[in-house]
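J.: Let me see the structure of the following:
(chains A, B, C and D)
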Protein chains: 2
Amino acid sequence: MQRTRFGEMACSIARTLDVIGEPWSPLILRDVWAGVRRFDHIQADLGISRKVLTERLNHLVEQGVLERLPYDARPRHEYHLTAKGADLVEMLMVMARWGDRWLAGEAGPPVLYRHHACGQIGHVDPRCSHCGEPMHADDVDLLPGPGSA
Amino acid sequence: MQRTRFGEMACSIARTLDVIGEPWSPLILRDVWAGVRRFDHIQADLGISRKVLTERLNHLVEQGVLERLPYDARPRHEYHLTAKGADLVEMLMVMARWGDRWLAGEAGPPVLYRHHACGQIGHVDPRCSHCGEPMHADDVDLLPGPGSA
DNA sequence: AAGTGGGGTTCCCTTACGGAACCCGGGGGT
DNA sequence: ACCCCCGGGTTCCGTAAGGGAACCCCACTT
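T.: Here you go, the predicted model:
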């Protein structure tokens, strides 16, 4: 949606926004992740306009985040996450965690996450890939990397 | 920006998008996190229109993600992350990680993250808060929570 | 032959973005 | 005292994007 294209910036956050930063895109990914995979189901679930849903789905398919798969001999298809798209789900889980903490209020979280490995309800916890200790805002320094030109 | 307000939905992802989902907002938070805290500096760094920057900053302050702090006797101020805002930085780090993996290409990541605890270059790795094992798209089941009404 | 359901297009209206110009208050220089 | 600058916005206008509803095409089903 944005007039300014973020993809040109030397910033991985900006580039990521170019793929999934348009309005509705994260919610579409959430739906597909949660098993709502068909055009009309997504449209009904989100209340998004059909026009915009078409645009978003096409963009996400072009970007390799979703793929369109037939589920019938007729021209019927479903949207599925690719590996690239499945990798975005951690971003969704982090967003959900933040909303649970800061916005859910009295009622508590709308959705719980049960982790297969331990069978318990948990949430996502960002840790350093190197040492495994927590990795939050104040735990890192930013340095220019090879692609910083 | 979105016409439809996401805040009403029983979904923490949608509610989070209501706070930081408008175009430019994540990049503004990135700038403030990285130490670019003043109106004109952010404006120049992003190339965003002054009008939209004003709107975004006001919204982020209203939502308690940023605070406006004076840095001079004159009416001069800087924007800083609140605790609520600092907690969003993990989302930025996850987005950056995804962009680094899938979009950076030959040149490599534009920014490196050095973790204070271990002093090494690393990236954020989402793990289960309960057992500490990795938590990715296929590692969880979604269950209705207390706030699911 | 008429109906239905998935999956989109098309049209029109309104809202929000982008850009540039303008404004305002407090110093500082001369 | 006068003028200019600088941070931090506000105003105005043209254009592009979102929302909604109607329409369309195709492959069955009855």
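J.: From what I see, residue A:4 and residue B:47 are in contact.
T.: Yes - Residue A:4 lies in contact with residue B:47 (Cβ atoms under 8 Å); the separation is 6.8 Å. Every C-beta, even on glycine, is put in place using the N, C-alpha and C of the backbone.
J.: who has more neighbours, the two?
T.: residue A:4 (15 against 8; other Cβ atoms under 10 Å in any protein chain shown).
J.: what about the more buried one, distance to residue A:14?
T.: To residue A:14, residue A:4 is 10 Å away according to Cβ to Cβ, to the nearest Å.
J.: can you check residue A:104 too?
T.: 29 Å.
J.: Of those two, give the one with the bigger neighbour count.
T.: residue A:14 (25 against 18).
J.: Let me know the secondary structure of the closest residue to that one other than its chain neighbours.
T.: Leaving aside its chain neighbours, residue A:14 sits nearest to residue A:6 (3.9 Å; criterion: Cβ to Cβ, 6 or more residues apart in numbering or on different chains). On the three-state scheme (DSSP: H, G, I helix; E, B strand; the rest coil), residue A:6 is labelled coil.
J.: so residue A:6 makes contact with residue B:27?
T.: Yes - in this structure residue A:6 lies within contact range of residue B:27 using Cβ under 8 Å: 7.4 Å.
J.: hey, what's in contact with both of the two?
T.: A:14, A:17 (Cβ atoms under 8 Å, 6 or more residues apart in numbering or on different chains).
J.: what residue ranges in chain A are flagged as low confidence?
T.: A:1-3 (pLDDT under 70).
J.: Strands of that one, residue ranges please.
T.: If DSSP state E is used as the criterion, the strands of chain A fall at A:66-70, A:77-81, A:111-115, A:121-122, A:124-128, A:140-144.
J.: nearest to residue B:145, of the ones you listed?
T.: strand A:111-115 (4.3 Å; Cβ to Cβ).
J.: Which neighbours in the sheet does the closest one have, and how are they oriented?
T.: strand A:121-122 (antiparallel), strand B:140-144 (antiparallel) (DSSP bridges).
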